[in-house]
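# give me a 3D structure for the following:
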Amino acid sequence: MEMLAIDLGKQSFHLHGVDADGIVISRKVSRSKLENAVAELAPDIIAMEACASAHHWGRQFRSTGCQVRLINPRFVKAFVRGSKNDAIDAEAIYDAASRPTMRFVPVKTTEQQDLQSLHRVRERLVIQRTSLINHARGLLAEYGVILPKGPWRFRDQAPQAIDDADLSELAKMLFTDLLDQLRDVEMRLSKLDTELVRICREHDACRRLAALPGVGPVIATALVAAVNDGRHFRSGRELAAWIGLVPRQYTTGGKPRLGGIGRRANHYLRRQLIHGARAVISRLTGRDDRRSAWLKGIVARAGFNKALVALANKTARIAWVLLARKESYVPA
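So this is what the prediction gives:
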């Protein structure tokens, strides 16, 4: 069999393919029987949606000598015919993978998934920290205690403000408990940040990326976790578009129409790159090098927010060169 499409699930999987005699094979198998069923059919190519557990199965099947093609689910959706079910989804994956112009997602290594998992856990802790701070600030405001925005200001001022406020014993107990939770989250967050710094120092590609202005251990490790060496992108422009740092395009009749950056993006990477760009642009005062002059010109012409996206776009393009060509960053 040349190609087999698999619609992934938690406990059941649907297989779709065409054998050498032209007979369509469409069957449902359990998780425990999937590997045996694939070995029995012996396909040259296995196609799957790039969804939950796809990279795990991709590594498993690639180790047996199969070529693995992972497809973004939104590209598969266009090939779904009729009502949605597992059999139709598997057939749509087969049709999508057969297209000569289809773009595929590279299978992530275990090291990439380790790094990506670390970032996901860190992101959850950051969300928890923000939630705790906003919750405590809102409750304190009901007692007339107003604290400034920002995690560091809150951490420094909240304990003393709670002690000085005219609060009941119950209220003080509740707010003390919230502060204890906040300290616990910050301790775990600090531990993960230390681990990211260690990984960045030991990984050659991360060290080269960290030399870019506005790129630190978080962005460097997130880029490596997401794109590895970046060679599956043909250019830095493709990487920037995949991250979501280019305007939406609606062109018809030869009339191009460009809008703002769209929803189709790697939102985590885009957010981090824009935060890094914000740090760079906020420190332009007193700088007169070529990069700073270029940024000041964009801020003057288009405004601060568009300058953020422009700098993040430029950073992503340079990052692709550093990853794909294994070069070191040399400031202009």
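# residue 149 and residue 131, how far apart?
For residue 149, the distance to residue 131 equals 14 Å [CB to CB, to the nearest Å]. In this view, the C-beta of every residue, glycine as well, is placed from N, C-alpha and C.
# give me the more crowded residue out of the two.
Counted by other CB atoms under 10 Å, residue 149 and residue 131 do not tie: residue 131 has more neighbours, with 12 against 9.
# remind me which helix or strand the more buried one belongs to.
helix 110-141 (DSSP states H and E).
# quick one: average pLDDT of that helix?
Helix 110-141 comes out with an average pLDDT of 95.
# just checking, what packs against it?
helix 151-164, helix 169-202, helix 217-227 (3 or more CB pairs under 8 Å, 6 or more residues apart in numbering; DSSP states H and E).
# winner for burial among the ones you listed?
Most buried of the helices and strands packed on helix 110-141, by mean neighbour count (mean count of other CB atoms under 10 Å): helix 217-227, with a mean of 24.
# please name every helix or strand in contact with that helix.
Partner elements for helix 217-227 (3+ CB pairs under 8 Å, 6+ apart): helix 110-141, helix 169-202, helix 204-210, helix 267-281, helix 304-324.
# closest to residue 226 out of those?
helix 267-281 (5.9 Å; CB to CB).
# by contact count, what packs against that closest one?
helix 217-227, helix 236-243, helix 290-302, helix 304-324.
# deepest-packed of those helices, please.
Compared across these, helix 217-227 shows the largest average neighbour count, a mean of 24 (mean count of other CB under 10 Å).
# between helix 267-281 and it, find me the angle.
Between helix 217-227 and helix 267-281, the angle comes out at 140 degrees (axes from the mean of the first three to the mean of the last three CA atoms, to 10 degrees).
# list the contacts of helix 217-227.
For helix 217-227, contacts defined as CB atoms under 8 Å, 6 or more residues apart in numbering pick out 112-113, 115-116, 118-119, 122, 193, 196-197, 199-200, 203, 205-207, 209-210, 233, 239, 266, 268-269, 272-273, 276, 319, 323.
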